[in-house]
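S.K.: A predicted structure for the sequence below; I have some questions about it.
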Amino acid sequence: MKTPSTELAHLKKNKDKEAEVRSKLKKLDDRRDPIRKKFQYIIEQEQDITIMSGGLTEEDKQRLSTLDDAWNKFNEGLNEAHTII
C-alpha cells in the first residue's frame, strides 16, 4: 500500500479527484451492460461481420470476458485509494 502524502494541497487534489470519480461511478457501471450487449450482438452476427470488417479480435473477446473482473479490480483500487487518502 502506498503512503499518503503529507502536503495539504496534494491531499485536497487527491480527495477532489476521488470525489469526481465516485460521482461518475454509477454512470460508468451503467455502461457495462450496453457494452456487453453490443459485443454479444457482434458475436452472434460474426459470420456476416467478419466478411465486412474482420470481426472481433481475440483481444476484444478477452477484454469482454474480463469486463466484470476489471470492474471489480477498479472498485477495489478506488477503495484502497480512499483508505490511503
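M.R.: Arrived safely, thanks for sending. Residues are numbered from 1 along each chain as shown.

S.K.: From residue 36, how far off is the spatially most central residue of the chain?
M.R.: Among the residues of the chain, residue 71 comes closest to the average C-alpha position under C-alpha atoms, centre = their mean, at 5.1 Å. Shown here: residue 71 relative to residue 36, a distance of 11 Å by C-beta to C-beta, to the nearest Å. Every C-beta, even on glycine, is put in place using the N, C-alpha and C of the backbone.

S.K.: I figured residue 18 hits residue 85, correct?
M.R.: Yes - with contacts defined as C-beta atoms under 8 Å, residue 18 counts as touching residue 85 at a distance of 6.0 Å.

S.K.: Which helix or which strand is home to residue 37?
M.R.: According to DSSP states H and E, residue 37 maps onto helix 32-44.

S.K.: Which positions in that helix come out as buried?
M.R.: By neighbour count with 16 or more other C-beta atoms under 10 Å, helix 32-44 contains the buried residues 39, 42.

S.K.: Now it: average pLDDT?
M.R.: With pLDDT averaged residue by residue, helix 32-44 scores 87.

S.K.: chain center to it: distance?
M.R.: 16 Å (C-alpha atoms, centre = their mean, to the nearest Å).

S.K.: please begin residue numbering at 772 from this point
M.R.: New numbering, starting at 772: the last item is helix 803-815.

S.K.: Put the alpha carbons of it into CSV.
M.R.: This file holds the C-alpha atoms of helix 803-815, laid out as CSV (Å, rounded to 0.1, in the frame of the first residue of the first chain):
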residue,chain,number,x,y,z
ARG,A,803,-21.1,-2.1,-18.8
ASP,A,804,-24.4,-3.8,-19.8
PRO,A,805,-24.7,-2.0,-23.1
ILE,A,806,-21.1,-2.8,-23.9
ARG,A,807,-21.8,-6.5,-23.2
LYS,A,808,-24.9,-6.4,-25.3
LYS,A,809,-23.1,-4.8,-28.2
PHE,A,810,-20.4,-7.4,-28.2
GLN,A,811,-22.9,-10.2,-27.8
TYR,A,812,-24.7,-8.9,-30.9
ILE,A,813,-21.4,-8.8,-32.8
ILE,A,814,-20.6,-12.3,-31.7
GLU,A,815,-24.0,-13.5,-32.9
